[in-house]
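A.B. asks: structure for the following, please:
(4 chains)
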There are 2 protein chains.
Amino acid sequence: MSLRESPIGGRRPTMRDVAARAQVSFKTVSRVVNDEGGVSPLLERRVRKAIEELDFRPNVGARILRRSDRRTASIGLLLEDVANPFSAAVQRAVENEADQRGVVVYSASLDEDPARERALAKAFGARGVDGLLLVPAGGDQSHLAAELRAGTAIVCLDREASNLPVDSVVATNEIGAAEGVRHLAAAGHRRIAFIGDRRTVATARQRHAGYLEALRGCGLPLDPALVVQDVRDTATADGVVTALLGHPDPPTALFTAQNLVTVGAVRALRRMGLEHAVALVGFDDFLLADLLSPAVTVVAQDPAAIGRTAAGLLFARIDGDTVPPRCRLVPTTLIRRGSGEIPPS
Amino acid sequence: MSLRESPIGGRRPTMRDVAARAQVSFKTVSRVVNDEGGVSPLLERRVRKAIEELDFRPNVGARILRRSDRRTASIGLLLEDVANPFSAAVQRAVENEADQRGVVVYSASLDEDPARERALAKAFGARGVDGLLLVPAGGDQSHLAAELRAGTAIVCLDREASNLPVDSVVATNEIGAAEGVRHLAAAGHRRIAFIGDRRTVATARQRHAGYLEALRGCGLPLDPALVVQDVRDTATADGVVTALLGHPDPPTALFTAQNLVTVGAVRALRRMGLEHAVALVGFDDFLLADLLSPAVTVVAQDPAAIGRTAAGLLFARIDGDTVPPRCRLVPTTLIRRGSGEIPPS
DNA sequence: CTGTTAGCGCTTTCAT
DNA sequence: ATGAAAGCGCTAACAG
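C.D. replies: Presented below is the predicted three-dimensional model:
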């Protein structure tokens, strides 16, 4: 393991360098490197020795360029934001699946910006990824049609693609949200507020739809004053909840449709001293939700399952699966912890 | 934006295809694509039209293979585990820096496994990354020497490299831990327990050293029964804390040297109903630490600064910087929130 | 079993 | 201003 002086400058050694050192033709080196067989033990030993001595490593780029299948054994992962625990959990699951298959992963955060979606899909596409795993950022993925035609597999996750015939893997957003809201209604609440993410985000729209559906199903009136959309960060959510609860006829329960929004609501309730008075159910679980007081009731998603499933579908496509695009639903689970079981005051 | 039928099968179009369609030599296409200039406006327009019509995108792999500088505009990021908020924050910061420079990022989680470190560094190296950003997983990085010689820049983060002359960016682990422990001692605690990660992890050793230093500095005796190392997950930490507090002469304060360990301690204290009786200071901040009761006092790291700084150093190296390896320290901050200010009982 | 030749898609060098 | 030829490091298709 000593730091040998390589005889060939700072350059990485090539098969020709190895061949020269082992006194064989460079095709023989290729055979050994690729375990093609058909090389005498003597030569093979010489080649392996030379490889070791030079610390030769095949140039993957050159290999890909020449190979007939054009596989790069790489995929691109386009998330909303890795710093968000949901995205991070998805990435981890994807990495596991990819790693198992000897596939490397490019990753990037899009921050809900369609321009970034286009730019990064293009950048990854130009690098010849075999597949793209995408959390759609905009309302239109048709720009990826050429990528698809060029043979790049694409699977969307967390949200379905628009105007692009690809598989997708999403949580049961509408069903889950409806379940959360019904849970509040079952506790006797009639004034349940909805605070959700931007309407440009499909999951936000679905969760809102679930909210409306649950109200209808429970025979509760819809009060537009209790619905606030386009809230995407903790600080804004905090402000919104503060305002809602300051109204003359405030809600007795809150349904927060995104994890950062839930956290903002917790902060607002805490500051107003209302955390044990106003019920709260959040969509998407978060670390320590069970240690707050009251512990936060949530409609939990399963990001690891979403990532794993999406990667599975992607690799199936890469391996030649051509069935029509499907949408796989990953179930959500209502976790009762306390905040969602507070009765109306 | 319609889905045009490309005239050339499922294959991606090449410069030759563009050249044929634009009726020019393919070198002219290359000139246009690379903005080399020296192309008449007429031909340039024809070429751009053909590029548009065929949705041509240069094959990055082929370009790299031929170029003299051998740059791939890609880097590899080897983290401990993206699912850990610390790693996720680092990745996000790195992505930002890379993106700004038009560089793509391969990422992977090593799970503290030296074999994975070797395998993934090798995989990324074979793909010709310009640089590697690494959270060292084992006690020896000398296997990367060949990579370094081959011209790959390497910067370690969170921990320094062993047996490899590269830059590193780490938090002030020892200083920060000592500050946290002194803070507990200042509140009057004399029996302060230390619960830390595996001793194979350099940061764990440094934080332990900080603990010892603070005890010495405060004239407190070291009780080996209060020191538990090699704890790496929440469940184990929970058990360890439960055991410690069940002893005849229990600690009155806990210093937990890793974020998951801190969470485990919070769970144990809560279950035992001691969260307001036993003081707690954790190393590394976590989401919602301020909303727990008591809110958790921590020695906060700045993962974003660590990632940003490391990426900066890496790109400087890639751009030819050859000063001797440096180690950059990123300061930690003690955040008093309540749990660390509980006096001894 | 081993070696030769061609050429992946592109940039470089050199010619026109 | 344009193009032809060479060749990056490798695999594929054929020889021997």
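A.B. asks: C-alpha only now, for contacts and for neighbours.
C.D. replies: Fine.
A.B. asks: just the helices from the stretch 101-250 of chain A, written as ranges.
C.D. replies: Secondary structure of the stretch 101-250 of chain A (DSSP state H, counting those that start in this stretch): helices located at A:114-126, A:145-149, A:173-186, A:202-218, A:234-246.
A.B. asks: identify the residues contacting residue A:293.
C.D. replies: A:275, B:292-293 (Cα atoms under 8 Å, 6 or more residues apart in numbering or on different chains).
A.B. asks: now it, what's its secondary structure?
C.D. replies: Using DSSP: H, G, I helix; E, B strand; the rest coil, the structure places residue A:293 in coil.
A.B. asks: got the phi and psi for it?
C.D. replies: Note on residue A:293: backbone dihedrals following degrees, to the nearest 10 are phi -130, psi 120.
A.B. asks: nearest to DNA strand D, of the contacts of residue A:293?
C.D. replies: Distance to DNA strand D across the contacts of residue A:293 (Cα to the nearest atom of the strand) is lowest for residue B:292, with 55.6 Å.
A.B. asks: what's the neighbour count on the residue of the stretch 51-200 of chain A found nearest DNA strand C?
C.D. replies: Going by Cα to the nearest atom of the strand, DNA strand C is nearest to residue A:66 of the stretch 51-200 of chain A, at 3.2 Å. By the criterion of other Cα atoms under 10 Å in any protein chain shown, residue A:66 has 10 neighbours.
A.B. asks: so residue A:282 belongs to a strand, correct?
C.D. replies: Yes - under three-state DSSP, residue A:282 falls within a strand.
A.B. asks: from what I can see it touches residue A:255, true?
C.D. replies: Yes - between residue A:282 and residue A:255 there is a contact under Cα atoms under 8 Å: 5.8 Å.
A.B. asks: can you tell me how far the residue of the stretch 51-200 of chain A closest to DNA strand C is from residue B:162?
C.D. replies: Separation of residue A:66 from residue B:162 (Cα to Cα, to the nearest Å) stands at 38 Å.
A.B. asks: same question, residue A:42
C.D. replies: Distance from residue A:42 to residue B:162, by Cα to Cα: 37 Å.
A.B. asks: more neighbours: which of the two?
C.D. replies: Neighbour count, other Cα under 10 Å: between residue A:42 and residue B:162, residue B:162 has more, with 15 against 8.
A.B. asks: returning to what we had before: please enumerate the shared neighbours of residue A:282 and residue A:255.
C.D. replies: residue A:180.
A.B. asks: looking at the two, which is more packed in?
C.D. replies: Higher neighbour count among residue A:282 and residue A:255: residue A:282, with 32 against 28, using other Cα under 10 Å.
A.B. asks: so for the more buried one, what's the pLDDT?
C.D. replies: With respect to pLDDT, residue A:282 has a value of 98.
A.B. asks: residues touching it, list them.
C.D. replies: By Cα under 8 Å, 6+ apart, the contact list for residue A:282 reads A:180, A:255-259, A:262, A:296-299.
A.B. asks: who in the stretch 1-150 of chain A is up against DNA strand C?
C.D. replies: A:24-28, A:38-44, A:62, A:65-67 (Cα under 7 Å from any atom of the strand).
A.B. asks: ok so, going back, any chance of CSV for the contacts of residue A:293, columns distance to DNA strand C and pLDDT?
C.D. replies: Shown next, in CSV, are the contacts of residue A:293 (distance: Cα to the nearest atom of the strand, whole Å; pLDDT from 0 to 100):
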residue, distance to DNA strand C, pLDDT
A:275, 60, 97
B:292, 56, 94
B:293, 59, 91
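A.B. asks: spatially nearest residue to residue A:198, not counting backbone neighbours?
C.D. replies: In space, and not counting its chain neighbours, residue A:198 is closest to residue A:230: 3.5 Å by Cα to Cα, 6 or more residues apart in numbering or on different chains.
A.B. asks: my guess is that neighbour contacts residue A:194, does it?
C.D. replies: No - using Cα under 8 Å, residue A:230 is not in contact with residue A:194; the gap is 11.1 Å.
A.B. asks: who's more crowded, those two?
C.D. replies: Legend: neighbour count by other Cα under 10 Å for residue A:230 and residue A:194, higher for residue A:194 (24 against 15).
A.B. asks: who does that one form a beta bridge with?
C.D. replies: In this entry, residue A:194 is beta-bridged to residue A:227, residue A:255, by DSSP bridges.
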